[in-house]
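Asker: Curious how this folds, go ahead:
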Amino acid sequence: MPLRLRHATEADAPAMAAVSSRAFRETLSQILFPPRLRHLSQEDQETPWRASRTIRRMRDGKATLVVVDTADDGEETAVVGMAQWVRPVDKGAGAPPPPSSGGTVVAEDPAPATLDSEALDDFMKLLDEETKKVLGPDGSKHMWYLLVLTVDPDHHRRGIGGLLLRWGMEQAATEGRRAFIHATPEGKYLYEKFGFKSLSGFDVAGLRHDCMLWSPPPPAA
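Answerer: Below you'll find the model as predicted:
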């Protein structure tokens, strides 16, 4: 079925959250929603938490996109991928840092019982530390920063990740800015394919993640 890339609405948040929960089920979700806490609720608490968090980020101004499957008549049938990009801050502007600044997410997003809040806080702090190691004290705030990109595991190899990634790269190229990501092991190949270069690697509960940077091509002479 044809794919369509569009800006998300808050009504898309539950479907976006469901895609992310499925995409991270065997990796990040094992850290943030560990098996040892699952007995605290008989309900799925991860997907509603992700939906709430997605909406909060949308209201904070994060560029939020979805890829949807469509029927032959053009009607949308399912959300199959999503991404959120943090827009850059102009140098000298007094805007807050991007969400990878650490120590704020738990306070902003109410924590369900099955969420390991300490693990989340540690994860966000680690992202911030690794970012500043490779980019300096301003981190990624003057770049287009890919906050999250997920694809429904049942829809891999359809070019969905590329659609979501290319959108942010085009914004960055138009502004003459670089783009930055924290790559999971699953996503690294895609980012390398699109020209991102690894600056450093770091460990998250036994899984290597990479700080990756993309620079726009120089203007034609």
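Asker: Least confident secondary structure element in this structure?
Answerer: Scoring the helices and strands of the chain by mean pLDDT, DSSP states H and E places helix 105-108 at the bottom, with a mean of 46.
Asker: and the helix or strand that it is followed by, C-alpha only, in PDB?
Answerer: Using DSSP states H and E, the next helix or strand after helix 105-108 towards the C-terminus is helix 117-135. Provided in PDB are the C-alpha atoms of helix 117-135 (Å, rounded to 0.1, in the frame of the first residue of the first chain):
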ATOM      1  CA  SER A 117      12.200   6.300  36.800                       C
ATOM      2  CA  GLU A 118      15.800   6.100  38.000                       C
ATOM      3  CA  ALA A 119      16.800   4.200  34.900                       C
ATOM      4  CA  LEU A 120      15.100   6.800  32.700                       C
ATOM      5  CA  ASP A 121      16.800   9.700  34.500                       C
ATOM      6  CA  ASP A 122      20.200   7.900  34.200                       C
ATOM      7  CA  PHE A 123      19.600   7.300  30.500                       C
ATOM      8  CA  MET A 124      18.800  10.900  29.800                       C
ATOM      9  CA  LYS A 125      21.800  12.200  31.800                       C
ATOM     10  CA  LEU A 126      24.000   9.800  29.900                       C
ATOM     11  CA  LEU A 127      22.800  11.100  26.500                       C
ATOM     12  CA  ASP A 128      23.500  14.700  27.700                       C
ATOM     13  CA  GLU A 129      27.000  13.800  28.900                       C
ATOM     14  CA  GLU A 130      27.900  11.900  25.700                       C
ATOM     15  CA  THR A 131      26.500  14.700  23.600                       C
ATOM     16  CA  LYS A 132      28.600  17.400  25.300                       C
ATOM     17  CA  LYS A 133      31.700  15.300  25.100                       C
ATOM     18  CA  VAL A 134      31.600  15.300  21.300                       C
ATOM     19  CA  LEU A 135      29.900  18.600  20.600                       C
END
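Asker: Does anything pack onto helix 117-135? Which helices or strands?
Answerer: Applying 3 or more C-beta pairs under 8 Å, 6 or more residues apart in numbering; DSSP states H and E, one finds that helix 117-135 contacts helix 28-32, helix 105-108, strand 179-183, strand 197-204, strand 207-214. Quick note: C-beta positions are derived from backbone N, CA and C, even for glycine.
Asker: Switch the ones you listed over to a markdown table; also include distance to Pro2 and mean neighbour count.
Answerer: Below are these laid out as a markdown table (distance: least, C-beta to C-beta, whole Å; neighbours: other C-beta atoms under 10 Å):
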| stretch | distance to Pro2 | mean neighbour count |
| --- | --- | --- |
| helix 28-32 | 30 | 17 |
| helix 105-108 | 36 | 14 |
| strand 179-183 | 27 | 25 |
| strand 197-204 | 33 | 14 |
| strand 207-214 | 28 | 20 |
